[in-house]
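Engineer: have a look at this fold, sequence not included:
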């Protein structure tokens, strides 16, 4: 059968390029949302899965034995965890279990975003969210950020401008706690300001809280939804970063009428049940596990920052993140990180170029996102040193590394 690059009429036009054959992980892997293998609670997962199958294995005979929203015990665990950790009183009936946060994004976009719509969001942003907004024929509209996340005055100006232009706003997308990719944490006072602005303009807020359990510098503020008296905030979370990405478990929280509409769009016959049954039994260890992961991530973040300072010096500008698994760094002209990423990938160093992580790609042309969660400390140091070597060869920068002149 002819492939998409051939001339067979059986393939639609406009398909993305075929996926390349997988040839193994790069030697220095700073991309994606991978976590460290030693941080996965393997023994706890093994015990919980065994108990789940022994006690509820027969329920696997049905697609959704406890309803389309997901496993009742898993939803109860999520509701208790959110009430305890986010300051957001949560009923299990307000929880919809989904197959990772990407499915949550797809459901909300399907319900709220159409062609020609605008979606205000942080200027530096999660690439997966940006591509999904654009896939709906909508425009992600970047809103200025600072060390505390989205700037309220900039959001006010953006919404007012869109109103004057007659543009429909699907929702305002926010990652307020450990923003991806910048790692900022929005203070509670600013969260309240954002809510007031959303109320004045009568727009929905979509709060992506996928990294909120990974704050390792300072405390975790209340979720925006916890501060929202009107219920205009839809909340999204995941267990990919604290437990394991391979679980593919996330959740949406919204008022019941909104959740019922989102559930009607979930046409996959249900998120896999064994994972939900397993997670439902892990509530008692969750807080302690998160604390250990936070400590470990803080240590590895320090290693990456030390490596950047040693190899790039003042050439790499970055703000040390308050949590999460990424450092967002910006290099001077003439560096183009899309080109840098392509050259580095050929030499075993994988990075995320900034253009893919900005609502305005040109804004991120000189920036890059580095994930420090998965590689070892030794790999981080060696990988950053190699990246600096490649950058210097391609762009003449940095001029110094490891306190040695390279010019």
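Structural biologist: Noted; the coordinates are in hand. Given the structure is predicted, the values throughout are model-derived calculations rather than measurements.

Engineer: which residues does the nearest residue to residue 204 once chain neighbours are set aside contact?
Structural biologist: Counting by CB to CB, 6 or more residues apart in numbering, residue 204 lies nearest to residue 171, which is 4.1 Å off, once chain neighbours are set aside. In short, each C-beta sits where N, CA and C put it, glycine included. Residues counted as contacts of residue 171 (CB atoms under 8 Å, 6 or more residues apart in numbering) are 108, 112-113, 119, 203-206, 234.

Engineer: then residue 96?
Structural biologist: Counted by CB under 8 Å, 6+ apart, residue 96 has contacts 69-70, 107, 251-254, 259, 262-263, 266.

Engineer: at 10 Å what do you get?
Structural biologist: Residue 96 sits next to 68-70, 75, 78, 103-104, 107, 236, 250-254, 258-260, 262-263, 266, 271 when contact means CB atoms under 10 Å, 6 or more residues apart in numbering.

Engineer: confirm that it sits in a strand.
Structural biologist: Yes. Assigned with DSSP: H, G, I helix; E, B strand; the rest coil, residue 96 falls within a strand.

Engineer: circling back: show me which of the contacts of residue 96 are buried.
Structural biologist: Listed as buried from those are 69-70, 75, 78, 103-104, 107, 236, 250-254, 258-259, 262-263, 266, 271; burial here means 16 or more other CB atoms under 10 Å.

Engineer: so which of the contacts of residue 96 are in strands?
Structural biologist: When DSSP state E is applied, the contacts of residue 96 are split such that 236, 250-253 fall in strands.

Engineer: double-check residue 140 against residue 128; I have them as touching.
Structural biologist: No. Using CB atoms under 10 Å, residue 140 makes no contact with residue 128, being 11.6 Å away.

Engineer: these two: who's more crowded?
Structural biologist: Remark: of residue 140 and residue 128, residue 140 carries more neighbours, 23 against 18, as counted by other CB atoms under 10 Å.

Engineer: show the pLDDT at residue 407.
Structural biologist: We have a pLDDT of 49 for residue 407.

Engineer: where in this protein is pLDDT low?
Structural biologist: Residues of the chain meeting the criterion pLDDT under 70: 1-8, 400-407.

Engineer: swap in 50 and give it another go.
Structural biologist: For the chain, the stretches with pLDDT under 50 are 1, 407.

Engineer: now do the helices in it.
Structural biologist: Remark: helices assigned in the chain by DSSP state H are 42-56, 72-86, 101-112, 127-135, 152-164, 188-201, 256-264, 273-280, 283-312, 337-346, 377-395.

Engineer: could you export the ones you listed as a markdown table, including distance to residue 331?
Structural biologist: Converted to a markdown table, the helices of the chain look like this (distance: least, CB to CB, whole Å):
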| stretch | distance to residue 331 |
| --- | --- |
| helix 42-56 | 38 |
| helix 72-86 | 36 |
| helix 101-112 | 29 |
| helix 127-135 | 19 |
| helix 152-164 | 25 |
| helix 188-201 | 29 |
| helix 256-264 | 40 |
| helix 273-280 | 40 |
| helix 283-312 | 8 |
| helix 337-346 | 7 |
| helix 377-395 | 7 |
